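*Asks:* Sequence and predicted structure are below.
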Amino acid sequence: MALRRYEPPKAKKDRQRINEMIRVPQVRVVAEEEDGDKQLGILDTADALNMARSTGLDLVEVAPDSKPPVCRIMDYGKFKYQQKKRSSKQHVHQTKLKEVWLHPKTGANDLMVKANKAKEFLANKDKVQITVKFRGRELAHIDEGTKVLKQMLVLLEDAAKVDSPPKNAQRSVVCIVSPK
């Protein structure tokens with residue numbers, strides 16, 4: 001049985017090294033000040049760490065690939081908080097297509113419930129496909145289905161605009177609306 005060599009765990013690329021985790025002999029140090037950043041030059045890592053500790057801050061490696069690595073004296077907790085806040089602002093809502101099904105015999109109260117659900121989807125910036133499905137002999141009365149669809153569009157007119165007008169599909173009438 002062959003012995004395996006010990007390999008230290010690899011550092012995660014998205015994580016900065018701070019304080020004692022910085023293991024290079026010299027670093028380029030930048031200090032944060034009220035009027036901007038101040039270059040302190042190339043220092044021994046131990047001296048830079050002592051300088052950071054004396055001010056009550058952390059030594060954070062910000063550019064590990066440069067020679068020597070660039071480290072900044074700053075409050076690491078505050079830095080992480082600002083990064084998290086910045087990344088949450090970058091989240092963009094992906095518009096989805098939600099669907100609401102109706103039938104030609106859908107009652108007025110049921111239509112209100114479906115309209116409220118569609119308004120909920122529209123408030124969440126999603127598009128809504130309103131589909132009136134026909135079963136069996138209902139296909140003979142497509143005009144009843146389009147009447148129900150128009151009632152639904154009247155209920156949604158304050159929250160939605162019509163993207164594609166009602167059109168007949170195989171066994172249904174379909175209309176797509178999007179938020180105003």
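*Replies:* Cool, got the structure.

*Asks:* Let's see the pLDDT reported for the residue nearest to the spatial centre of the chain.
*Replies:* Central residue of the chain (CA atoms, centre = their mean): His91, 2.9 Å from the mean position. Model confidence at His91, given as pLDDT, is 72.

*Asks:* Pro8 too?
*Replies:* Reported pLDDT for Pro8: 56.

*Asks:* Okay, Gln170 and Phe134: tell me how far apart.
*Replies:* 9 Å (CB to CB, to the nearest Å). Placement of C-beta: from N, CA and C, glycine included.

*Asks:* ok, those two, which is more surrounded?
*Replies:* Neighbours around Gln170 and Phe134, counted as other CB atoms under 10 Å, are more numerous at Phe134. The numbers are 20 against 6.

*Asks:* Distance of the more buried one relative to Val148?
*Replies:* 11 Å.

*Asks:* what ranges of this structure fall below the confidence cut-off?
*Replies:* 1-14 (pLDDT under 70).

*Asks:* So which residues of it form helices?
*Replies:* 45-54, 76-89, 108-123, 142-156 (DSSP state H).

*Asks:* by how many degrees do the shortest one and helix 76-89 diverge?
*Replies:* This means helix 45-54. 80 degrees (axes from the mean of the first three to the mean of the last three CA atoms, to 10 degrees).

*Asks:* which helices and strands sit right next to helix 45-54?
*Replies:* strand 26-33, strand 36-44, strand 58-63, strand 70-74 (3 or more CB pairs under 8 Å, 6 or more residues apart in numbering; DSSP states H and E).

*Asks:* Could you point out which of the helices of the chain sits nearest Lys180?
*Replies:* Nearest to Lys180, of all the helices of the chain, is helix 108-123, at 8.1 Å by CB to CB.

*Asks:* Counting neighbours, which bits of the closest one end up buried?
*Replies:* Neighbour-count burial for helix 108-123, with 16 or more other CB atoms under 10 Å as criterion, is recorded at 114-115, 118-119, 121-122.
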